[in-house]
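A.B. asks: need a structure here:
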Amino acid sequence: MLTTPGIVLNSIRYNDTQLIVTVFTEQAGTVPFLLRRPRARRGGLRAVGWQPLSLVEATWQPQERRSLQKPAEFALLRPWTSLPFHPYKSAMSLFLGEFLYHALHREGENAPLFQFMLHSLEWFDESEAHFVNFHVVFLLHLTRFLGFYPNVDDWHEGCFFDMQNATFTACRPLHPHFIGPDEAALVPKFMRMDLRKMRAVGLSGAVRSRVLALIADFYRLHTPEFPELKSLGVLAEVFA
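C.D. replies: This next block holds a predicted model:
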């Protein structure tokens, strides 16, 4: 039996009584679990443990031949205090859940990545202000663990950002996957800051939406089967 904490990425209905809950676990990477749907309680579903970014603990006997694992135990490890309830944070959590589901769907065991995600989400949950750029900083820093971290040491004013090769260049790339100098200058600013310093970069809602769309394009170039994100438009409306 394997027991490990995990972060919920996605939950979909399998049939009338079961759900497929995809979890990024500390010890086994991304694992899809087949779970019974929670029963209604006082007019609502006991589904807090199935919401995106919920912190859970699962115990199961790994079966390599099964595409869906059946846990012996699956429970909420620790409830978040603000992510499910704050209107902006809940919208950002839904967006990040969809983003991470596609970015990590083939990710194996990666304990440093799990710890980065856990500590980042703990900060996000506890923060009372200056978290509006959290998803931008988080997703850029996440690339450090996925193998396509931009080398910001090569940046200087007037550079293009070559998204295909994750590098900065003084010349315009010959392919279409690049960011012009004005927007490219934001990349090193975000990459060089931690979560506590991100308030130093002020972005309008329109610019933030543009930056998130570019980040999604960047991931799409380096992650197999990364799709267009439905929640990106919803997030833009929330922060409009």
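A.B. asks: tell me how this protein divides into domains.
C.D. replies: According to automatic domain parsing, the chain is divided into the following domains: 1-79, 80-240.
A.B. asks: end-to-end on the first one?
C.D. replies: It refers to domain 1-79. End-to-end distance for domain 1-79: 24 Å, by CA to CA, to the nearest Å.
A.B. asks: now that domain, how far from the chain's geometric center?
C.D. replies: 17 Å (CA atoms, centre = their mean, to the nearest Å).
A.B. asks: and the last one, by the same measure?
C.D. replies: The gap between the average C-alpha position of domain 80-240 and the chain average comes to 9 Å, counting by CA atoms, centre = their mean.
A.B. asks: which helix or strand in the protein has the lowest average pLDDT?
C.D. replies: Of all helical and strand segments in the chain, the minimum by mean pLDDT, DSSP states H and E falls on strand 44-45, at a mean of 40.
A.B. asks: which helices and strands sit right next to the next helix or strand after that strand?
C.D. replies: Counting by DSSP states H and E, the next helix or strand C-terminal to strand 44-45 is strand 55-60. On a contact count with 3 or more CB pairs under 8 Å, 6 or more residues apart in numbering; DSSP states H and E, strand 55-60 meets strand 2-13, strand 18-25, strand 29-36, strand 73-78. C-betas here are computed from N, CA, C, even on glycine.
A.B. asks: if we use 10 Å, what do you get?
C.D. replies: Other elements packing on strand 55-60 under the criterion 3 or more CB pairs under 10 Å, 6 or more residues apart in numbering; DSSP states H and E are strand 2-13, strand 18-25, strand 29-36, strand 73-78, helix 111-126.
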